[in-house]
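*Asks:* show me the folded form of this:
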Amino acid sequence: MKLSDLQVGDRAEVTALKSESAVRRRIMDMGLIKGTSFKVLRVAPLGDPIEIFFKGLYLALRKTEAEGVLVRKVAEPVELVEHQESTPPFWRFGGKA
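*Replies:* The predicted structure follows:
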């Protein structure tokens, strides 16, 4: 599956980079290498660009660049979902708890 095929909210892991050498090197220099997990945050209305989040970095890729990144979908970790749902917020707007 290609990164360009993913939808907003999908989580995936990079399995291979099949772009041309200059683009592949640039993507790898930014830290998007085989085994890197990421989340798709936003996709523009026409599918270009695609914003992803990984390793504390927000990265926007053109659709042509995203087509060269092969991925496999992964599920969101269960412990993260349970923690978010069961933990009340520690602050509120207005300064009162």
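
*Asks:* find the residue at the geometric middle of the chain.
*Replies:* residue 39 (2.7 Å; CA atoms, centre = their mean).

*Asks:* tell me which element that one falls in.
*Replies:* strand 37-43 (DSSP states H and E).

*Asks:* now that strand: buried residues?
*Replies:* For strand 37-43, a neighbour-count test (16 or more other CB atoms under 10 Å) marks 38-40, 43 as buried. Where you see a C-beta, it was placed from the backbone N, CA and C, and this is true even at glycine.

*Asks:* ok so, going back, for the residue nearest to the centre of the chain, list each beta-bridge partner.
*Replies:* residue 11, residue 53 (DSSP bridges).

*Asks:* so what's it scoring on pLDDT?
*Replies:* pLDDT for residue 39: 92.

*Asks:* that one touches residue 9, doesn't it?
*Replies:* Yes. Between residue 39 and residue 9 there is a contact under CB atoms under 8 Å: 7.3 Å.

*Asks:* what strand or helix carries the closest residue to residue 68 other than its chain neighbours?
*Replies:* Among residues not flanking residue 68 along the chain, residue 19 sits closest, at 3.0 Å (CB to CB, 6 or more residues apart in numbering). Using DSSP H and E, residue 19 sits within no helix or strand.

*Asks:* offset the numbering so it begins at 14, please.
*Replies:* Taking 14 as the first residue, the last one we looked at is residue 32.

*Asks:* and the gap between the residue nearest to the centre of the chain and residue 64?
*Replies:* To residue 64, residue 52 is 10 Å away according to CB to CB, to the nearest Å.

*Asks:* sec struct for residue 44, please.
*Replies:* coil (DSSP: H, G, I helix; E, B strand; the rest coil).

*Asks:* can you count the residues close to it?
*Replies:* 13 (other CB atoms under 10 Å).

*Asks:* just to check, it is in contact with residue 67?
*Replies:* Yes. The criterion here is CB under 8 Å, and residue 44 meets it with residue 67 at 7.1 Å.

*Asks:* rewinding a little: among the buried residues of strand 50-56, which two are most distant?
*Replies:* The most widely separated members of the buried residues of strand 50-56, counting by CB to CB, are 51 and 56 (13.4 Å).
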